[in-house]
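Q: Here is a sequence with its predicted model. Questions after.
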There are 2 protein chains.
Amino acid sequence: MSPETKHGAGPAIHAVHPWTPGKPGARVRHQLLSDDERARLAKIASIIRLKKGEEIYAEGDEAEAAFNIVSGIVTAYQQTTSGNHVAAFLYPGDLFGLSEEGRYVNTTKAATAVVAYKMPLAAVRRTLDNNADLDVDVIIKLCEELRQAQRHAFILAQRRAATRLAMFLDLQEQLQMSRAEPPGEIYLPMDRSSIADYLGVTLAAVGRAFRTLTSKKIISLRDRQHVRVLDRTALGRLADRPPEVGAKRA
Amino acid sequence: MSPETKHGAGPAIHAVHPWTPGKPGARVRHQLLSDDERARLAKIASIIRLKKGEEIYAEGDEAEAAFNIVSGIVTAYQQTTSGNHVAAFLYPGDLFGLSEEGRYVNTTKAATAVVAYKMPLAAVRRTLDNNADLDVDVIIKLCEELRQAQRHAFILAQRRAATRLAMFLDLQEQLQMSRAEPPGEIYLPMDRSSIADYLGVTLAAVGRAFRTLTSKKIISLRDRQHVRVLDRTALGRLADRPPEVGAKRA
DNA sequence: CGCTAACTTGAACGCCATCAATGCTTGTGG
DNA sequence: CCACAAGCATTGATGGCGTTCAAGTTAGCG
């Protein structure tokens, strides 16, 4: 078997461009690497395949490789005594395995079956040293991940669980569009408890929030993984405006 | 080195190194730029001086320059109908002015009097194209900002206000150490309502949280801007940091 | 087709948002 | 130097929302 040829040219990095303007709010993701660059990275990369639930590396481990997702979803989280905190859901085209002072800062595991490229850090650094254009691509990707983390913080700063969920769904839909996936329905590959850990609320609260949005006819659930948006205006309103603060009602 | 050199040599970028290991948890920040690089950046930079409260740019403005702080504190935030969300407090050595599709993603204003370098984006890009070593420095800095944003999200995922405040104080103390500032007391240059907006709680809740930590003899307040840590173990426990078992490197 | 894990729903308690009043501090002019 | 004002911060009461604990339901998988 020859996975390298099967999956084509090699690693691919997708990101929204920081300085090239597009249609406002469109946030189109481009593939940043040229065929040439992909081929160069392919030389230092190996393919790994993970079953759902498998751990890739753990927080505090010595960082030895960076990863690039080909297919599937990866959850990055940290474990605490009072439950897990999900920092990000990673999709095809995403990079992960960043370290601080030589150690990984979070734990990663496959949320679905995953295929990914694994690139030893030493080789990555060597390649970066010799390819100035790659540097720029990495910068662009890091800018995107930074904005992503800031959006996450923004969601977590909301007070009501239904608002956080609305913003999460809104975000997922935007990401899906920017990945040029079929629209019309939001697909949630991760399970409810991962969503809860991402939103910083309990599993029970996520359930209630889904119920709230459903009973208000803002969304409808085809099944646990597929959400249809019925009232985009109301969803958007929840996502950046305070929910009816007025408590003066009988 | 003349006294003027510090401000005269040009922009300075400070960051914790992602792959060079240090004493675990020490998180020492280094100045990334060589004198030569600073001089090159100085050619495209101009100095700006801001009074406390002055706005630097607003969310949605067309991005035309990046900034690098020389002295003072900058607050980066977004305005919503239900109050402000503070995304970050920026210190000397930090970079800001990142954009998405050519527009700023947040509003920035001076939290204290500020001196900063302003660098037109076009010139920055040209300089990056011609200086591969600068690229690497920017990558390192972006990694740090990313981790910073993830830590912020981690704080916001906490449920109790006192826990968020404890983690915030812990973080500020670490940052202060990594900046090699005098230890023994945490200095909070920002006002209470900025802290509230950073922690995603109300001003009143911040007050209560301070009172809780004070009455538990975990901290004491010299004045509104100076906090002394009385019980670091308890603070770390609240902050959900693993107990520091003589972690002085093996 | 039964088992298990994931999810939903229910009831009581506690924390924080909200509204509102008081206290503190800083700056300005008399 | 004090009086005063304006902004910032603390403190107090009440109610809503989310956590917690627990039971019931669905879906996935052998």
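A: Received, thanks.

Q: quick one: the helices in chain A?
A: Remark: helices assigned in chain A by DSSP state H are A:3-6, A:35-44, A:121-130, A:132-156, A:161-178, A:192-199, A:203-215, A:232-240.

Q: Do me a favour and get the end-to-end distance for stretch A:97-115?
A: End-to-end distance of stretch A:97-115 (CA to CA, to the nearest Å): 15 Å.

Q: could you give the mean pLDDT of that stretch?
A: Predicted confidence along stretch A:97-115 averages 91 (mean pLDDT).

Q: ok, now how distant is A:D197 from A:S82?
A: A:D197 sits 11 Å away from A:S82, going by CB to CB, to the nearest Å. C-beta: built from backbone N, CA, C; applies to glycine.

Q: the domain parsing of chain A - what is it?
A: Chain A is divided into the following domains under automatic domain parsing: A:3-155, A:159-240.

Q: Looking at A:D197 and A:S82, which one has more neighbours?
A: Between A:D197 and A:S82, counting by other CB atoms under 10 Å in any protein chain shown, A:D197 is the more crowded of the two (23 against 11).

Q: which residues touch the nearest residue to the more buried one once chain neighbours are set aside?
A: Among residues not flanking A:D197 along the chain, A:V86 sits closest, at 4.2 Å (CB to CB, 6 or more residues apart in numbering or on different chains). Contact analysis of A:V86 by CB atoms under 8 Å, 6 or more residues apart in numbering or on different chains lists A:75-77, A:194, A:197-198.

Q: Turn those into a markdown table, columns for pLDDT and distance to A:E101.
A: Output for those, formatted as a markdown table (pLDDT from 0 to 100; distance: CB to CB, whole Å):
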| residue | pLDDT | distance to A:E101 |
| --- | --- | --- |
| A:T75 | 96 | 24 |
| A:A76 | 96 | 18 |
| A:Y77 | 96 | 20 |
| A:S194 | 97 | 28 |
| A:D197 | 97 | 26 |
| A:Y198 | 98 | 26 |
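
Q: Show me which of those residues is closest to B:V136.
A: Nearest to B:V136 among the contacts of A:V86 is A:A76, at 23.6 Å by CB to CB.

Q: DNA strand D contacts on chain A?
A: Neighbours of DNA strand D within chain A, by CB under 7 Å from any atom of the strand: A:82, A:159-162, A:200-202, A:204-205, A:208-209, A:223-225, A:247.

Q: Tell me the most packed of those residues, by neighbour count.
A: Sorting those by how many neighbours each has (other CB under 10 Å) puts A:G200 first, at 25 neighbours.

Q: Now the nearest residue to that residue once chain neighbours are set aside. Its backbone dihedrals?
A: Closest residue in space to A:G200, ignoring its immediate chain neighbours: B:A157 at 3.5 Å, by CB to CB, 6+ apart. The phi and psi values for B:A157, taken as degrees, to the nearest 10, are phi -80, psi -10.

Q: How much space separates A:F96 from A:Q176?
A: Distance, A:F96 to A:Q176, using CB to CB: 20 Å.
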